[in-house]
Every structure is written in structure tokens, then in C-alpha cells.
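Chemist: here is the input, now give the coordinates:
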Amino acid sequence: MNRELCSFLRQPPDGRLRLLPKFYSAPSSWGSVNVSNRPLTDWRWGRRHTSTVGLQKSGFIDLAPGEGLLFFDNVYPLKTAIYDIRHLIMRYDKQSVESRIRAQYIPESLLGSEFAITGIVPRLKDGGAFVKFRSPDVEETGAVIADFLKEKKLKPWFSPLKRVRAFIVRGNPWLEDLYRFPSTRLKVEFVGGEGSLSQEATYALFRRYGRIVDILPQPPGSKELPKFTIVQYLRMRSATAARNCLHGYTVPEMEAALRKEPGVTLRILYERAIKTHWIKDWPVNHPRIVIPLVAAFIATFTVAVFDPVRTWFIKAKITGALNISDNTYYNWLKRYTIGMLPIGSRHTDMGDLWAVWDERKEQVEQLKAWLLETAETFIVVQGPRGSGKKGLVVDTVLAHRENVLIIDCEPINEAHGDSATIAAAAAQVGYRPVFSWLNTISSLLDLAAQGTIGSSAGFSQTLETQFNKILQNTGTALKEVALRGKGYDNKDPGLSDDEYLSGHPEKRPVVVIDNFLHMEGNSLIYERLADWAALLVSANIAHVIFLTNDTSFSKSLAKSLPDRVFRSILLGDAQPDPAKRFVLKHISNQLDGAANGKARAELDDSIQALGGRLTDLEFLSRRIKAGETPKQAVGAIIETSAQEILKLYFLEEAGRGRKRTWSTEQAWHLVKTLAEKGEIAYHHALVHDLFKFAGEDALQNLEQAGLVTIVTRNGRPWCVKPGRPVFQAAFKRLLTDRVLCARMDFLSFASLAKVETAAIQRAGEELERIAGLPYRPKERVGYLLAKIAEAQTKIDEYEKGMGRLKGVLKEEY
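Modeler: Now for the predicted structure:
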């Protein structure tokens with residue numbers, strides 16, 4: 001039934017040859033055939049025709065007796081996908097396939113003979129065309145045309161490196177319009193028999209169409225039917241020519257290279273190369289190559305895209321371009337709106353406050369002079385907490401100077417975790433965008449890579465690397481800002497960047513590093529900042545001012561600039577008279593008049609008790625302005641300071657968040673001594689039994705914590721004073737609490753008893769070792785026994801004191 005249907009479908013109706021679909025006109029002669037290169041579309045119905053030919057699109061070409069079929073290769077571009085842009089270009093080729101074949105591809109010797117073209121069937125997908133012709137000798141005509149094209153080497157404009165070829169079609173080509181696109185790989189199925197072709201016979205049949213890379217026979221154990229062989233061509237056009245010429249070809253019994261082959265029919269299909277997952281499989285199978293390449297690509301992309309943006313934001317931070325308070329229109333609007341209200345007139349200019357402080361005026365002028373010099377060294381402003389270092393430098397010296405960058409180390413050091421630290425550092429310099437949260441993801445990727453390839457891939461970066469990158473971008477922005485004025489006035493033609501920066505110190509930006517050495521630990525941030533600042537001053541890029549309350553700052557900075565002498569200014573507490581003028585200026589002379597005579601008298605006593613610390617004086621001024629008398633204000637400040645000392649240095653809860661490097665007993669000893677004397681010699685504190693072990697480190701850590709201040713003289717520690725002048729009065733207030741004194745003295749006695757007990761234990765162990773010697777030195781034995789007796793005497797005294805203090809703790813609360 002099927003054979004009869006196929007035979008019926010192949011018969012042309014009414015005796016007319018039906019080679020082409022409806023959109024081709026039937027040729028009246030071979031010269032009237034007109035096949036256009038443009039896509040064949042019936043626009044009236046919005047339907048696109050296919051190139052399948054035959055009656056009712058059966059997909060086969062019918063040949064009459066005496067007719068032959070040629071396949072011309074390289075007539076169209078190959079179509080390797082559904083949407084191939086190369087075929088759109090063919091619309092602009094005004095020469096038709098018929099005219100091109102007649103004029104170029106057929107030798108003139110055949111035109112006057114019995115040769116005639118009876119039909120042309122284009123194969124857009126395979127990049128060629130079938131030419132049906134009539135000739136007395138089909139094989140000879142095909143050979144003549146093939147030799148002619150080989151001799152002429154005609155090459156189309158869309159494929160200038162490959163020539164047009166012609167082949168006799170030996171099989172029955174199937175002109176399907178399925179979504180099966182050309183490939184270099186052909187699957188040759190053997191139907192109509194149980195046999196198959198050997199590799200030698202397959203090679204003999206398929207080699208004429210192009211270079212064969214490999215022939216892969218069906219695996220021996222495969223039960224797949226029909227049997228098949230894979231032919232892999234080097235070029236895709238060779239595969240298309242072979243498929244269109246040999247599909248449906250019945251191989252008779254023939255002598256191949258070595259043996260007889262049975263008669264079989266070839267069914268040839270395109271087989272897509274198995275490349276579905278190769279893009280995914282190759283990276284998975286080569287992680288040692290792919291992962292570092294991905295890391296390098298991400299790093300390169302980040303540098304190329306984000307670094308210029310980050311540098312721009314840092315420059316905007318330095319120049320204040322994004323600061324609305326520096327905008328002229330904003331200041332004008334503020335002046336004539338909020339500035340006209342009474343609340344705006346009470347603002348006090350810091351410059352006026354410094355003007356009444358004579359010693360600070362000299363320091364301000366000194367700092368301004370240093371900023372106009374070319375010395376390649378640091379400027380250090382050192383003073384205790386609350387001495388007004390930042391106000392002196394930022395609000396006075398740099399009040400009207402452009403291009404200032406302030407870096408506060410306190411939020412950077414107090415951040416928890418690497419991501420928070422990087423975010424805090426980036427915020428200080430205006431470094432954005434910053435993806436600190438990606439560090440956690442990168443760490444996980446590195447961990448996975450280490451388990452895969454055995455080493456880190458470099459996705460995650462350490463805290464030091466990220467911090468250095470921020471500083472590097474900041475240095476680049478500072479240099480660009482410093483060189484912004486170069487060449488504008490044409491006063492320095494021909495100068496290099498280094499010469500220009502060296503000759504114009506007033507053009508350099510100023511970097512203020514506040515709270516340097518603010519807290520112990522996390523020395524990495526301080527070291528990297530010091531090294532970066534050394535590079536800035538050595539290259540004349542910027543002036544660097546350090547603000548610190550650490551008296552030993554020279555040890556840290558000398559590591560970065562070992563061959564330079566630092567320019568330092570020491571800020572101390574004000575004397576009573578300047579402090580009084582400061583307070584009066586700050587409160588706008590609210591105590592003037594006879595009615596306030598008592599308050600002015602109290603002010604002298606209050607300042608005497610409060611000291612000359614700037615923050616305490618400002619606090620006093622705000623409380624007086626709020627309506628309190630100086631005596632009440634000072635009493636409240638002393639009470640607040642006493643509670644602060646008690647919470648930070650003596651309560652157990654205060655030490656849980658951070659490990660203490662000193663003991664509460666050591667802090668209590670200093671509190672008692674300073675409350676009575678006001679100061680204590682540095683070495684007198686060290687000889688006390690509580691400071692017997694690592695006492696010097698404990699004193700320096702207590703200074704870092706803010707309880708005491710170590711005063712230096714002649715380059716060495718000289719005496720110990722309270723951390724703030726008001727602390728002496730606060731110490732005295734703490735000593736009025738009998739329960740607190742009894743508790744802390746009890747803990748001190750217990751600690752001293754432990755020290756003496758440890759001394760007795762060490763002496764006893766030494767006596768045991770001496771007892772085992774054949775000769776016992778009496779002098780050493782006597783010395784150890786005396787030490788034990790002395791220690792025991794002290795222990796007895798301590799226990800008596802502890803017993804007395806227990807009574808106080810039992811009676812009072």
C-alpha cells in the first residue's frame with residue numbers, strides 16, 4: 001500500500017513536470033527558468049513556503065529517462081540555525097541562481113549540444129542547488145561540468161575562500177524541510193539488507209566529496225537497527241555534498257579495498273556533534289585553570305569598572321563637592337531663612353574661642369606655618385582625651401583650607417569583623433561602591449575551591465589586602481587633587497608632577513588622621529595607615545597630621561619614617577585664668593552684673609576643681625547656660641565622672657566585653673594614691689607590690705584606657721597624673737564610699753596575699769632542691785628562710801586587714 005501511494009505521489013499530474021512548488025513558474029524551456037535568491041514567501045497569506053519539491057511535497061525529485069541530476073555546492077551560504085542572518089544578505093544579490101548557473105557554471109561547449117536544463121531546485125539549508133538536465137551521456141556531462149568548475153575555481157562573494165563544486169547525484173535525495181541543520185558529522189544507516197559497509201568501502205564512496213577525519217563503525221555489542229556508520233568530515237560543505245548525492249543510493253555488490261561488500265541502501269542523516277554540555281563540562285573538568293581565570297577576570301573587571309568610580313567619590317569627599325554645606329546657594333538660602341531666626345544667632349565661632357586662649361593661638365600659627373613648608377615628615381598633635389586636638393586642627397587651622405580629608409580611626413577599630421571594618425574604613429575616605437558583604441561569599445567559594453583543586457583560588461581577600469586597596473585608591477585621588485591646578489596659570493611650564501608638588505606645598509591636600517593609637521590591639525590598621533602616610537609625605541602628595549593621645553606615638557611612627565624628625569605639638573590643660581575666660585566667652589558673659597557676683601566667685605572654685613580640660617570646660621558652660629550654678633554644675637560633672645570610673649575600671653561587667661590587661665587592684669591603688677597626692681612618681685608606682693609583675697605594661701595600658709596620664713620629661717616617663725583633671729575630685733568622691741573602699745581594699749589585700757604566698761612557694765621549692773644537694777649553702781638557706789618569714793609577716797598583716805574589712809562589709813551596705 002505504501003509503495004503504491006509513493007508511486008502515485010511521484011506521478012506528475014496532467015503530464016506536466018512538477019519539480020518546483022507553487023512559487024516557481026514552470027519553465028517553457030531551459031533558458032526561461034528563473035530562480036530568485038530571495039526567500040520565497042507568499043506575503044498575501046503571511047505564509048513562508050519551504051524548498052521541499054515533488055507532488056504534494058513528497059520530498060523527492062522525479063527523473064525521466066535520459067535525465068540526470070547535478071548538485072552544485074557553495075551556491076548559497078550554509079544555514080546552521082533557524083535564524084541565520086547570512087540568508088538575509090542574499091536578498092540583495094540581484095543575480096538569480098539560473099542566470100548564474102547558465103553564465104558561469106556551464107561550459108560553453110555544452111550549450112550548442114543536446115544538453116538542456118529542465119529544472120533547478122535550490123537547497124537553501126544545504127547551501128547548494130540541484131540542477132536537472134537532459135543529456136545523451138549523463139555521466140560524461142557531469143564529469144565535464146565538474147572539471148570545468150575545478151579549472152575555473154569560481155568563488156562566490158559570500159565565500160571567497162571556497163570554490164563552487166558540482167557532483168553527479170547517485171542516490172535519491174530527500175529534500176525535507178525539518179529543523180535538521182548541516183553538520184560535519186554524518187550518520188550512514190544501511191537498510192534493505194543485513195550487511196553493512198566496511199571502513200574501506202565507506203571511505204571509497206565518501207572520500208570524493210571532501211577530507212574525512214574519521215570513520216566510526218557501529219560498536220560490536222550494539223543491537224541498534226538498522227546498522228550504521230559515523231562519517232566525520234573536516235568541513236561542513238563536504239558533508240552536505242555527500243548527503244545530497246548519496247542519500248538513497250543502493251550499493252551493488254562491489255569489490256572494495258579488501259573484500260566483497262553486500263548490496264545495501266544508504267540512508268544518510270546529519271548527526272549533531274555532541275556538544276550540548278561541553279561548555280559546562282570543560283570548566284568542571286579543569287578547575288585548576290578555570291577558577292584562577294575567573295578570579296582574574298573578576299579582579300580585572302572590578303579594577304576597570306569600579307576603581308575610576310571609587311576614585312571619583314574619594315575626590316568628591318576630599319574637595320567637598322558633595323557636601324551641601326559648602327554650596328554657595330545653600331549658604332545664601334540658610335543665611336536668609338534659618339540664619340535670621342534667634343536660634344541661629346547663638347552659634348559661637350570656634351575661632352573666637354581659640355582667640356582668648358593665648359597659648360593655643362601660638363600653636364595655631366605654628367601649624368599654619370608648617371603646612372606652607374616642604375618638609376617631608378609628619379605633623380603630630382598630641383594631647384590627652386578632651387584637650388581639643390581635633391577642634392584646634394580642623395575647626396581653626398584648616399577652617400578655610402580646601403581639600404581636607406579626615407580619617408577617624410575610632411570607628412574603624414571598634415568595628416566587629418572584617419566586613420564591618422572595611423565598610424567603616426571606606427566610609428571615612430568616601431570609597432564607594434564597596435561590596436564588603438561579598439567577602440563572606442568569596443570565603444565560601446575559596447573554601448569550596450580549596451576542597452576541589454587543593455589550593456585557594458584567590459576569590460577572597462584578607463583584611464590587610466582590602467584595606468591597602470582602599471588606601472591605594474585614596475592616594476591616587478589625593479595626587480589628582482594636588483595636581484588639579486597644574487598648568488592653569490602657565491607659571492610652571494615644563495615641570496614634572498614631582499617638581500610641581502615639591503615647589504607648591506600650599507597646593508597639597510591635608511590628611512588628618514584622628515584618634516591614632518586610640519585603643520590597644522588591632523595594630524594592623526595603625527601600621528598600614530602610618531606606612532601609607534609615609535608614602536604620601538615622601539612623595540609630596542599631601543600633608544599628614546596625626547591626632548593622638550598616646551605619649552609613645554613616636555615608636556609606632558618611627559617604623560614608617562625612621563630617618564625623619566617629627567614635628568609635634570603638645571596640647572595640655574589650660575591654666576585657671578585662660579580657662580575662666582574660655583568659659584565666660586562660651587556662655588556669652590551670662591554671669592555679668594552684681595546679681596551674679598556669687599556665681600562668678602563660685603566659678604573660680606569650680607574651675608579650680610574641674611581643671612583646664614577643654615571638654616570639661618565646655619560641659620560646664622552648657623550646664624551653666626542651662627540655668628545651673630557653677631557649683632551645681634561642677635558637682636554634677638564630678639558625680640558623673642565618679643560613676644564613669646566605677647563602671648569602666650572596677651565593675652566586673654565592664655570587663656566582660658574585652659580582656660583587661662590590668663587588674664582592678666592596680667587601678668584602685670592608683671586611685672587612692674592620686675586622690676591624696678594629685679600625682680605620683682612613675683617609678684614609685686612601679687615599686688609597689690601590686691605592680692611587681694609586668695607593672696610597666698599595666699601602667700601604660702591604664703593610660704591607654706584613660707584612667708591616668710603619664711607625663712614625660714627629658715625623654716623618659718616622669719610622673720603619673722589623673723587621666724583628666726576632674727578625675728582627682730572624682731577619685732576623692734569614690735573614697736567617700738566606705739563600702740566601695742572596704743570591698744576594693746579587701747580585694748587588694750587578697751591579691752597582695754597571693755603575691756606573698758607565691759613568693760613563699762617559690763622559696764620552699766628552692767629549699768627542697770637545696771635539701772637534695774650534698775652541700776647545702778647556709779647563706780642561701782638563711783636568705784630563703786628570711787624571705788619566707790618576711791612574706792608570712794606580710795600575709796598576717798593582710799589577713800588582719802581583711803578581717804577588719806569584713807566587719808565593715810557586714811555592717812554597712
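Chemist: hey, let's count contacts and neighbours off CA atoms from now on
Modeler: Will do.
Chemist: please, where are all the strands along the stretch 1-150 of the chain?
Modeler: Along the stretch 1-150 of the chain, counting by DSSP state E, counting those that start in this stretch, strands occupy 41-42, 47-48, 67-73, 116-123, 128-134.
Chemist: what of the stretch 351-500 of the chain?
Modeler: Under the criterion DSSP E, counting those that start in this stretch, the stretch 351-500 of the chain carries strands at the ranges 379-382, 404-408.
Chemist: mean pLDDT for the strands of the stretch 1-150 of the chain: which is lowest?
Modeler: Here those differ in mean pLDDT, and the lowest is strand 47-48 at a mean of 32.
Chemist: and residue 615, what is it in contact with?
Modeler: Contacts here follow Cα atoms under 8 Å, 6 or more residues apart in numbering; on that basis residue 615 touches 386-388.
Chemist: and which of the residues you listed is nearest residue 74?
Modeler: residue 388 (86.8 Å; Cα to Cα).
Chemist: ok, that closest one touching residue 616?
Modeler: No - the criterion here is Cα atoms under 8 Å, and residue 388 misses it with residue 616 at 10.6 Å.
Chemist: between these two, which one's more packed in?
Modeler: In this view residue 388 and residue 616 are compared by other Cα atoms under 10 Å, and residue 616 has more residues nearby, 21 against 16.
Chemist: by mean pLDDT, flag the weakest helix or strand of the protein.
Modeler: Ranked by mean pLDDT, DSSP states H and E, the weakest helix or strand in the chain is strand 47-48, scoring a mean of 32.
Chemist: how about the helices of the stretch 151-300 of the chain, start to end?
Modeler: Secondary structure of the stretch 151-300 of the chain (DSSP state H, counting those that start in this stretch): helices at 199-206, 236-246, 278-285, 287-319.
Chemist: which stretch in those helices is the model least sure about?
Modeler: The minimum mean pLDDT among the helices of the stretch 151-300 of the chain belongs to helix 278-285 (a mean of 73).
Chemist: show residues contacting that one.
Modeler: 289-290.
Chemist: same question for stretch 549-568.
Modeler: Outside stretch 549-568, the residues that touch it by Cα under 8 Å, 6+ apart are 377-385, 515-518, 527, 530-531, 534, 704, 710, 712.
Chemist: cool, and stretch 789-803?
Modeler: For stretch 789-803, the external contacting residues (Cα under 8 Å, 6+ apart) are 745-746, 749-750, 752-753, 756-757, 759-760.
Chemist: closest to residue 633 out of these?
Modeler: Closest to residue 633, out of all of the contacts of stretch 789-803 and judged by Cα to Cα, is residue 745, at 30.8 Å.
Chemist: what sits against the closest one?
Modeler: Applying Cα under 8 Å, 6+ apart, we find residue 745 in contact with 802, 805.
Chemist: excluding chain neighbours, what is closest to residue 240?
Modeler: Leaving aside its chain neighbours, residue 240 sits nearest to residue 126 (5.9 Å; criterion: Cα to Cα, 6 or more residues apart in numbering).
Chemist: on that earlier part again, pull out the buried residues from the contacts of stretch 549-568.
Modeler: For the contacts of stretch 549-568, a neighbour count by 16 or more other Cα atoms under 10 Å gives the buried set as 377-385, 515-518, 527, 530, 534, 704, 710.
Chemist: restricted to helices, list those.
Modeler: Per DSSP state H, helices hold the following members of those: 527, 530, 534, 704.
Chemist: turn those into a markdown table, columns for pLDDT and distance to residue 415.
Modeler: Converted to a markdown table, those look like this (pLDDT from 0 to 100; distance: Cα to Cα, whole Å):
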| residue | pLDDT | distance to residue 415 |
| --- | --- | --- |
| 527 | 91 | 17 |
| 530 | 93 | 19 |
| 534 | 93 | 25 |
| 704 | 81 | 18 |
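Chemist: export these to JSON lines and append columns for distance to residue 540.
Modeler: Output for those, formatted as JSON lines (distance: Cα to Cα, whole Å):
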{"residue": "527", "distance to residue 540": "20"}
{"residue": "530", "distance to residue 540": "15"}
{"residue": "534", "distance to residue 540": "10"}
{"residue": "704", "distance to residue 540": "32"}
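Chemist: farthest pair within these?
Modeler: Top of the distance list for those (Cα to Cα): 534 and 704, 24.4 Å.
Chemist: the strands in the stretch 651-800 of the chain, which residues?
Modeler: For the stretch 651-800 of the chain, the strands defined by DSSP E, counting those that start in this stretch occupy 680-681, 708-713, 716-722.
Chemist: going by mean pLDDT, which of those strands comes out lowest?
Modeler: Among the strands of the stretch 651-800 of the chain, strand 708-713 scores lowest, with a mean of 84.
Chemist: given it, what are its sheet partners and their directions?
Modeler: strand 716-722 (antiparallel) (DSSP bridges).
Chemist: buried ones in the strand it pairs with, by neighbour count?
Modeler: The neighbour-count check on strand 716-722 (16+ other Cα under 10 Å) flags 719-722 as buried.
Chemist: low-scoring stretches of the stretch 451-600 of the chain, by residue?
Modeler: Across the stretch 451-600 of the chain, the ranges flagged by pLDDT under 70 are 451-460, 487-493, 520-522, 588-597.
Chemist: could you check the pLDDT of residue 51?
Modeler: pLDDT for residue 51: 44.
Chemist: residues contacting residue 191?
Modeler: Residues near residue 191 by Cα under 8 Å, 6+ apart: 226-227, 264-267.
Chemist: quick revisit: got the strands of the stretch 351-500 of the chain as JSON lines, with mean pLDDT columns?
Modeler: Output for those, formatted as JSON lines (pLDDT from 0 to 100):
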{"stretch": "strand 379-382", "mean pLDDT": "91"}
{"stretch": "strand 404-408", "mean pLDDT": "93"}
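Chemist: any chance of those in a markdown table, plus distance to residue 523?
Modeler: What follows is the strands of the stretch 351-500 of the chain, written out as a markdown table (distance: least, Cα to Cα, whole Å):
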| stretch | distance to residue 523 |
| --- | --- |
| strand 379-382 | 18 |
| strand 404-408 | 15 |
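Chemist: out of the ones you listed, which comes closest to residue 497?
Modeler: Residue 497 lies closest to strand 404-408 among the strands of the stretch 351-500 of the chain, at 20.2 Å (Cα to Cα).
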